[in-house]
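Student: coords below, sequence missing:
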């Protein structure tokens, strides 16, 4: 169960959402730059990297560089991540799928609640499977 947020936290979250929307609008969804610090190794992983790029994930997430609005995703696979509830979960397929389909379910305290929802109408199950494979493959590569 999530705790109730104060009016100040709600205002801050609203400002963060607007700022994130502005960043995405300025950089454009589908930014093709991943920095190439991390690379997929399988065909499905490479397809996942295309999904990552095509859907503008690089606007908020980096792959080996400093964290942006969202976390650096390079090297996270299989690690423990702390949620804003204090709970710890493993960064794995279940966490990634839930974070994309229902991003507010397991929020992280270091990052404002600005992750957009990627419903099946936005990313198909097949594309989501490719994206999971990509994140798994770059998870084996240490962060820089």
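Tutor: On my side now, so go ahead. Predicted, not measured: the structure shown is a model, and the values here were computed from it.
Student: what sits against residue 98?
Tutor: 105-106 (C-beta atoms under 8 Å, 6 or more residues apart in numbering). C-beta coordinates here come from the backbone N, C-alpha and C atoms, glycine included.
Student: Doesn't it belong to a helix?
Tutor: Yes. Residue 98 forms part of a helix when assessed by DSSP: H, G, I helix; E, B strand; the rest coil.
Student: Show me the strands in this protein, by range?
Tutor: Secondary structure of the chain by DSSP state E: the strands cover 80-82, 88-90.
Student: so can I have JSON lines of these showing mean neighbour count and distance to residue 56?
Tutor: As requested, those are arranged in JSON lines below (neighbours: other C-beta atoms under 10 Å; distance: least, C-beta to C-beta, whole Å):
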{"stretch": "strand 80-82", "mean neighbour count": "12", "distance to residue 56": "22"}
{"stretch": "strand 88-90", "mean neighbour count": "13", "distance to residue 56": "25"}
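Student: could I get those as CSV with mean pLDDT?
Tutor: Shown next, in CSV, are the strands of the chain (pLDDT from 0 to 100):
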stretch, mean pLDDT
strand 80-82, 95
strand 88-90, 97
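Student: looking at the ones you listed, which is closest to residue 119?
Tutor: Nearest to residue 119 among the strands of the chain is strand 88-90 (21.7 Å), distances taken as C-beta to C-beta.
Student: got the strands of the chain as a markdown table, with distance to residue 135 columns?
Tutor: Converted to a markdown table, the strands of the chain look like this (distance: least, C-beta to C-beta, whole Å):
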| stretch | distance to residue 135 |
| --- | --- |
| strand 80-82 | 13 |
| strand 88-90 | 13 |
